[in-house]
Every structure is written in structure tokens, then in C-alpha cells.
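1. Predicted model and sequence follow; I will ask about them next.
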Amino acid sequence: MNFIAFLSFSVLVIIILTLVFGIVAYFLYKMRERQRRKGSDVITYEELREESGRKFLFFDEVKV
Amino acid sequence: MRSLFFLIVLVVLSLFVVTTFYDVKNVFHTVESGFIRFAIILVAFFTFIIIFRYVAFIFFSIIKTTQKTVEFDVKNKHYNPRVTIIVPAYNEEVTIGVSIKSLVEQTYENLEIIIMDDGSSDSTYKIAKKFEGEFKGKTIKVLTKKNGGKSRALNFAIERSSGELVMCVDADSKLDKDAVALMVRYFQDPEISAVAGSVFVSNRVNVWTKLQALEYIEGLNMVRNAQAFLKLVNIIPGPIGMFRKSAINEVGGYAHDTYAEDCDLTLKLIQKEHKIDFEPDAVAHTEAPDELLNLLKQRYRWTRGILQAIRKHSHNLWNFKNANFTIVLWYMLFEAIFWPFMDLFTSMLLIYVSFSMGVNTLLIFWWFLFTIVDISGALYCILITNETKSLSFYAILYRLYFISVINISKIFATIEEWFNIEMSWGKLERKGI
């Protein structure tokens, strides 16, 4: 195998590996973003209170 | 010196073009499938366009640099309009202090600086507030509002600015001392409505950031310098851009419906036939993503943002009444969609040809062709910007590896934009390097 042919073969291997790597990296990025979004889906006290329609969540309102 | 450089590049490139196309011809005559033959013609045509694009950009960039030197010798040196620098900041506590300090150090005197906190949940506002007042003859104001996105924050600050010229600077950017003074000079020409500056990567800590450093000087700054020859710079970068306030008002300010508000504003200005120039020596140093996944996140947002901006103006793609605007739109479409898809298509074709006919020398010549273009572009930019020479070595990895990985992300972003898949701004975490 001459030098040019060896370099051509190396370029071919790099092209294939890069394509695979690029695709894997993209899906890793999407997966990470999805996990981060799930992690940030935290409901606040105010949102929960509005959702339940009650003035308090953990206490009962006492009429004096 | 520059002409000699251009001549050498042209000669070496011609040799490789001839060799590569000779190899392409051999492959073309060997294959029998009509589809593969068509694919080879398509790839050869695409390669020709890319090479032509690079050579044209280097050529126009050389002319523009020479022209600029002559231009400013005859202009009024006492032109001194009020400039407002606006720094939109959302959770930028790590970088905001350094950014403000670099602005206070500007050599230009008639300056107002507005730090626009966009409802940060960290201590950005608190840190910025410490700088409020008069510093070295410059007025610093710190404003805050409920979080509503970068474009709304910019519009809010522009409305409250006192400058005739408005400069928008990202909070993670650090400007060179003379950046404002260099950019202001262009506005003596009443036809100029905006000027873009150069962006350099400040955190060259690993191979990703070094490859981006090369990309910024060669792929972005050189291209803008060449576009400035026609006064048609197509994207004024977020880290450093100066505008005539009247022009921003004329086009209705920054829009809220894209993720690339800087690109959208530039397109609106070009649509209204405003001229946009570029000052290569006005430099902003910005922090680039130092991890691959963060880099993909940034490029994903850029691609979708640019596509959203093009889509907004897509009715002008066939309207040649404003030929400049139509050309800019087609050029952007080429860069955002055709190029990444053709790059992937070329790689697939090379793999197919190699597996069906054996590994061909075409592969190495094809790679050499692009690498010579990249090294030439990098060397030229290094020559005119005093950049680190070692960056040109990264050109070897640039085409074969870096651009391919980025292009795959661009292709997926394009597909997701096509199907309107929901996306979020995706703020990058800064390390303050």
C-alpha cells in the first residue's frame, strides 16, 4: 500500500467515525436537554394553591 | 504582500482543483449507475461553489482592507456623537463585572452604558448596581425588568437610551479599548446604519475552543469583512454591533418571534436598503462553549434562529426588486441548509464509492483541497489580525472533523424546524474565563 492510498484510507476511516460520532453526540445532547427539562418541571406553592383553588395547602382556614 | 499571498493560494489551489477533478472524472467513467453519476456531478458542482466562495471571500476581504485604509484618512476626526452601549444580561453574575470594566475602559468619551437586567434569578442585578453612576466620564445606568427574553430587554433599553448610536454587547463579551471609537467613524457616512465588529474566542482551553477560535476568525470575521465590501454584512453578531438608533426604530426594533434576533434585525435593515459595514479591528472577546454538547446546543439554536428569520422573510426569495436582499436571503439559505446537507451527501458518496470501487485517492485530494482553503483563510486572517499562528494547524482537523460534527447538528436542527418541534432558548453556562 503506498502512502497516498494509506492517507486516503485514513480519511475514509475518519469520515465514517466522525459521522457516527456526530450523530451519537447530537442524540446525547437531546437526551441531556430532555432530562434537564424534566428536572426543572417543579411546581411552585403558588401554582399548586391556584390549581387546588384553596387558600392554604397544609392548613385549614378557621373562621373566628 | 497580500496580493502575493492571494496569488500563491490561487496557484496551489488550482493544482489541487485540477488533480481532484481529474480523479472525479476517472471515478465518473468507472461507475455505471446513472444515479451515482448524477451524485458525482452534484458533488463536483458543490465543491466548485465552495472553493469559489472561499477564493471570492479572501479576494474581497483583501480589497476591503486596502480600501478601508484609504477611506478613513480623509474623514473628519472630530465626529463625536453620543453612543449608548446596551448590555442585556440574564443570569450573568460570573461575567457581568468583567464586561462592565471593559466598557468603562473604552477610549471613546461621549458614552452612556446601560446594563439591562432581564429579570435574573442570580445576583447579576446586584453586582451591576455597584457600578452605577459616573465612571471616567461615562454614565452607567442599571435597569431591570421582568424576564421576557433578550429581544424585549434590548428594546426596553433602546427606548431609554440617550445616544444617537446604539451599541449592543453580550454580557459575556469583553471589548478592546478602542472598539467604540473605531466603529463610530463609519457613521459619518449617512448611508451606513449599522457596523459589525470582530468576535474572538477568549477561552482557548481545549481543542473545541481552539477550533471555534479558528472558525470565528476564518468563517465569521473574514466572511463579514468580504461582505462589507458590498456593505451587506448579513449578521451583526450579538457580542459586538453598533446601530444608528433611527434605523432600529424605522424597522421596529428587535423582533420577539425568532431565536436569532440579531440576524432578524440585520435582515430587516437590509430589506429597507440600509448599508451595513464591518470593522475588523473593533474586537469583542467572547467565551465559547468548551464542551461538545454545549457547542451543539449553541449551534442548534443558531441554526433554528436563522431559519426562523429566513422563513419570516421567505416571500422575498423570489422578489428581485430588492436584489441585494434576495441575494442575502439565498446566501443564508445556502449556508444554513444546502451546505450541511451537501456536506453529509458528499461524505456518504465518498463512503459508497470507497466500498464499491475500493479506496480511491480522490478522498485524500478532496480533503487536501478543503484543508488548503482552510489553512489559506486562517493564515490570511492571522496575518491581518495578529492572531496566534498555531491556530492554523487546527485547520487540519477543522474540515474533516469539526465542521462535519457541527453540520450533523445543523441538519437535525433544520429537520426539527421544518416540523416545528418546540424548542427553548437554552442558556449556556458561563465560566468567566
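-> Looks like it came in fine.

2. what about the helices in the stretch 51-200 of chain B?
-> B:96-104, B:124-129, B:150-159, B:179-184 (DSSP state H, counting those that start in this stretch).

3. can you list contacts of the first one?
-> Contacts with helix B:96-104, where a contact means Cβ atoms under 8 Å, 6 or more residues apart in numbering or on different chains, come from B:85, B:87, B:89, B:92, B:111, B:113, B:115, B:124, B:127-128, B:131, B:135-136, B:138, B:140, B:169, B:171-175, B:432. Yep, even glycine has a C-beta here, placed from its N, CA and C like the rest.

4. Just the buried ones from those?
-> Neighbour counting with 16 or more other Cβ atoms under 10 Å in any protein chain shown marks B:85, B:87, B:89, B:92, B:111, B:113, B:115, B:124, B:127-128, B:131, B:135, B:138, B:140, B:169, B:171-175 as buried within the contacts of helix B:96-104.

5. what's the span of stretch B:119-136 from first residue to last?
-> Terminal residues of stretch B:119-136 lie 28 Å apart, using Cα to Cα, to the nearest Å.

6. Can that stretch be said to contact chain A?
-> No - using Cβ under 8 Å from any Cβ of the partner chain, stretch B:119-136 stays clear of chain A, coming no nearer than 12.0 Å.

7. can you list the residues of the stretch 251-400 of chain B near chain A?
-> Near chain A, when you scan the stretch 251-400 of chain B using Cβ under 8 Å from any Cβ, you find B:292-293, B:296-297, B:300, B:344, B:347, B:350-351, B:354, B:359-364, B:366-367, B:400.

8. Report the buried members of those residues.
-> For those, buried by 16+ other Cβ under 10 Å: B:292-293, B:296-297, B:300, B:344, B:347, B:350, B:354, B:359-364, B:366-367, B:400.

9. pLDDT below threshold where in chain A?
-> A:1, A:39-48, A:50-51, A:61-64 (pLDDT under 70).

10. For chain B, what is the nearest residue in it?
-> A:Gly22 (3.5 Å; Cβ to the nearest Cβ).

11. Setting the sequence-adjacent residues aside, check what's closest to that residue.
-> B:Ile408 (3.5 Å; Cβ to Cβ, 6 or more residues apart in numbering or on different chains).

12. which SS class is that neighbour?
-> B:Ile408 falls in the helix class when you classify it by DSSP: H, G, I helix; E, B strand; the rest coil.

13. Next, the contact list for it, please.
-> A:Leu19, A:Gly22, A:Ile23, A:Ala25, A:Tyr26, B:Pro340, B:Leu344.

14. What subset of those is buried?
-> By 16+ other Cβ under 10 Å, the contacts of B:Ile408 give A:Leu19, A:Gly22, A:Ala25, A:Tyr26, B:Pro340, B:Leu344 as buried.

15. And the fifth one, how far from B:Leu333?
-> Okay, so that is B:Pro340. 11 Å (Cβ to Cβ, to the nearest Å).

16. same check, this time on the second one
-> A:Gly22 is 22 Å from B:Leu333, where distance means Cβ to Cβ.

17. Close to chain B: what parts of chain A are there?
-> A:4-5, A:7-9, A:11-12, A:14-16, A:18-19, A:21-23, A:25-26, A:28-29, A:32-33, A:37.

18. List buried residues within the residues you listed.
-> For the residues of chain A next to chain B, buried by 16+ other Cβ under 10 Å: A:7-9, A:11-12, A:14-15, A:18-19, A:21-22, A:25-26, A:29, A:33.

19. follow-up on the earlier one: among the residues of the stretch 251-400 of chain B next to chain A, which are in helices?
-> B:292-293, B:296-297, B:300, B:344, B:347, B:350-351, B:354, B:362-364, B:366-367 (DSSP state H).

20. all strands for chain A, in order.
-> Using DSSP state E, chain A contains no strands.

21. err, chain B, not the other one
-> B:83-89, B:111-117, B:133-135, B:138-144, B:165-168, B:174-175, B:192-201, B:241-244, B:275-286.

22. Generate TSV for these, with distance to B:Ala395 and mean pLDDT as supplementary columns.
-> TSV is the format used below for the strands of chain B (distance: least, Cβ to Cβ, whole Å; pLDDT from 0 to 100):
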stretch	distance to B:Ala395	mean pLDDT
strand B:83-89	34	95
strand B:111-117	38	95
strand B:133-135	42	86
strand B:138-144	40	93
strand B:165-168	31	96
strand B:174-175	26	92
strand B:192-201	15	93
strand B:241-244	27	96
strand B:275-286	20	91
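
23. Can you lay out these as JSON lines showing distance to B:Asp374?
-> Shown next, in JSON lines, are the strands of chain B (distance: least, Cβ to Cβ, whole Å):
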{"stretch": "strand B:83-89", "distance to B:Asp374": "33"}
{"stretch": "strand B:111-117", "distance to B:Asp374": "38"}
{"stretch": "strand B:133-135", "distance to B:Asp374": "43"}
{"stretch": "strand B:138-144", "distance to B:Asp374": "41"}
{"stretch": "strand B:165-168", "distance to B:Asp374": "30"}
{"stretch": "strand B:174-175", "distance to B:Asp374": "27"}
{"stretch": "strand B:192-201", "distance to B:Asp374": "17"}
{"stretch": "strand B:241-244", "distance to B:Asp374": "26"}
{"stretch": "strand B:275-286", "distance to B:Asp374": "19"}
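
24. my read: B:Phe320 touches B:Thr326, true?
-> Yes - contact criterion Cβ atoms under 8 Å: B:Phe320 and B:Thr326 qualify, at 5.5 Å.

25. Need the pLDDT of the residue of the stretch 101-250 of chain B found nearest chain A.
-> Using Cβ to the nearest Cβ, the point where the stretch 101-250 of chain B gets nearest to chain A is B:Trp208, with a distance of 11.3 Å. Looking at B:Trp208, its pLDDT is 93.

26. Contacts only, for it.
-> So B:Trp208 contacts B:Ala288, B:Pro289, B:Asp290, B:Glu291, B:Leu292, B:Leu295 (Cβ under 8 Å, 6+ apart).

27. try it again with 10 Å
-> B:Val201, B:Ala288, B:Pro289, B:Asp290, B:Glu291, B:Leu292, B:Asn294, B:Leu295, B:Phe402, B:Val405 (Cβ atoms under 10 Å, 6 or more residues apart in numbering or on different chains).

28. again, but for B:Leu211
-> B:201, B:204, B:288, B:295, B:391, B:394-395, B:397-398, B:401-403, B:405-406.

29. out of the residues you listed, which are inside helices?
-> Reading helices off the contacts of B:Leu211 with DSSP H, I get B:Leu295, B:Ala395, B:Leu397, B:Ile403, B:Val405, B:Ile406.

30. Among those, which pair sits farthest apart?
-> Farthest apart among the ones in helices among the contacts of B:Leu211 by Cβ to Cβ are B:Leu295 and B:Ala395. That separation is 18.0 Å.

31. average pLDDT across stretch B:408-423?
-> Here the average pLDDT along stretch B:408-423 is 90.

32. What residues sit buried inside it?
-> Result for stretch B:408-423 [16+ other Cβ under 10 Å]: buried residues B:Ile408, B:Ser409, B:Lys410, B:Ile411, B:Phe412, B:Ala413, B:Thr414, B:Glu416, B:Glu417, B:Met423.

33. And for stretch B:187-204?
-> B:187, B:192-204.

34. can I get those in a markdown table with distance to B:Ala157?
-> Listed next are the buried residues of stretch B:187-204 as a markdown table, based on distance: Cβ to Cβ, whole Å:
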| residue | distance to B:Ala157 |
| --- | --- |
| B:Phe187 | 19 |
| B:Ile192 | 22 |
| B:Ser193 | 19 |
| B:Ala194 | 17 |
| B:Val195 | 19 |
| B:Ala196 | 19 |
| B:Gly197 | 19 |
| B:Ser198 | 23 |
| B:Val199 | 21 |
| B:Phe200 | 25 |
| B:Val201 | 26 |
| B:Ser202 | 24 |
| B:Asn203 | 27 |
| B:Arg204 | 31 |
